[in-house]
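A.B. asks: with the input below, show me the fold.
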Amino acid sequence: MYNEVLDDLVVVKRSGQRVPFNSSKVAIAIKSAFESVENYNETQVYKIFERVLGDINSNYRERKTINVEDIQDIIEKVLIDEKNMIRFDMSEYMEKFSVTRLIGAPPGYVGYEEGGQL
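C.D. replies: From the prediction side, this is the model:
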C-alpha cells in the first residue's frame, strides 16, 4: 500500500551508510518482536505493519530520510499502543435503550439501586 510512496525514502544506518527504504525489513523486525510473545497471529502482525508504514509515510515522506533508530522507535510505540488497547464488544448495546444496562437506570426508575454493568 505505502511501498510506492516510500520508494524514494532513504534509511540512514548507524554506520552512516544510506540505503533505500525496504519495507520487508520492517516486516521482519515486527514479526521477530511478535515471536517473543507466544500468542499472536499473522493478522496482528499485518495490522501493526500497516500502522508503522502509515506513521513513517505521514511523518517522514517529506523529509526523504529516516534513521534506523526512528524506525525502531515507531515500531515500539505502535506495539505498546496496541498492547495497552482495551477492546469491548459493544454489539449488544446497539439499541438506544440498552445503554441503561451499562450506566444504570436513572433515579426513580426500576433497577436504579442495582446500578449498571460499569
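
A.B. asks: residues in contact with residue 114?
C.D. replies: 104, 105 (Cβ atoms under 8 Å, 6 or more residues apart in numbering). Every residue, glycine included, has its C-beta placed from N, CA and C.

A.B. asks: cutoff 7 Å now
C.D. replies: Listed by Cβ atoms under 7 Å, 6 or more residues apart in numbering, the contact set of residue 114 is empty.

A.B. asks: quick one, helices of the protein?
C.D. replies: Ranges of helices in the chain, per DSSP state H, are 23-35, 42-60, 68-84, 99-103.

A.B. asks: how far does the second one sit from the chain's center?
C.D. replies: The gap between where helix 42-60 is centred and where its chain is centred comes out at 7 Å by Cα atoms, centre = their mean, to the nearest Å.

A.B. asks: now that helix and helix 23-35, what's the angle there?
C.D. replies: Angle between the axes of helix 42-60 and helix 23-35 is 130 degrees (criterion: axes from the mean of the first three to the mean of the last three Cα atoms, to 10 degrees).

A.B. asks: which outside residues touch helix 42-60?
C.D. replies: Here helix 42-60 has contacts from 1-2, 5-6, 9, 23, 26-27, 30-31, 34, 66, 74-75, 78-79, 82, using Cβ under 7 Å, 6+ apart.

A.B. asks: and if we set it to 6 Å?
C.D. replies: Residues outside helix 42-60 that contact it (Cβ atoms under 6 Å, 6 or more residues apart in numbering) are 2, 5, 27, 30, 31, 34, 66, 74, 75, 78.

A.B. asks: now the two most distant members of those residues.
C.D. replies: Greatest spatial distance among the contacts of helix 42-60 (Cβ to Cβ): 5 and 34, at 24.8 Å.

A.B. asks: neighbour count winner among these two?
C.D. replies: More neighbours sit around residue 34 than around the other of residue 5 and residue 34, counting by other Cβ atoms under 10 Å; the figures are 17 against 12.

A.B. asks: state the distance from that one to residue 60.
C.D. replies: Distance of residue 34 to residue 60, given as Cβ to Cβ, to the nearest Å: 23 Å.
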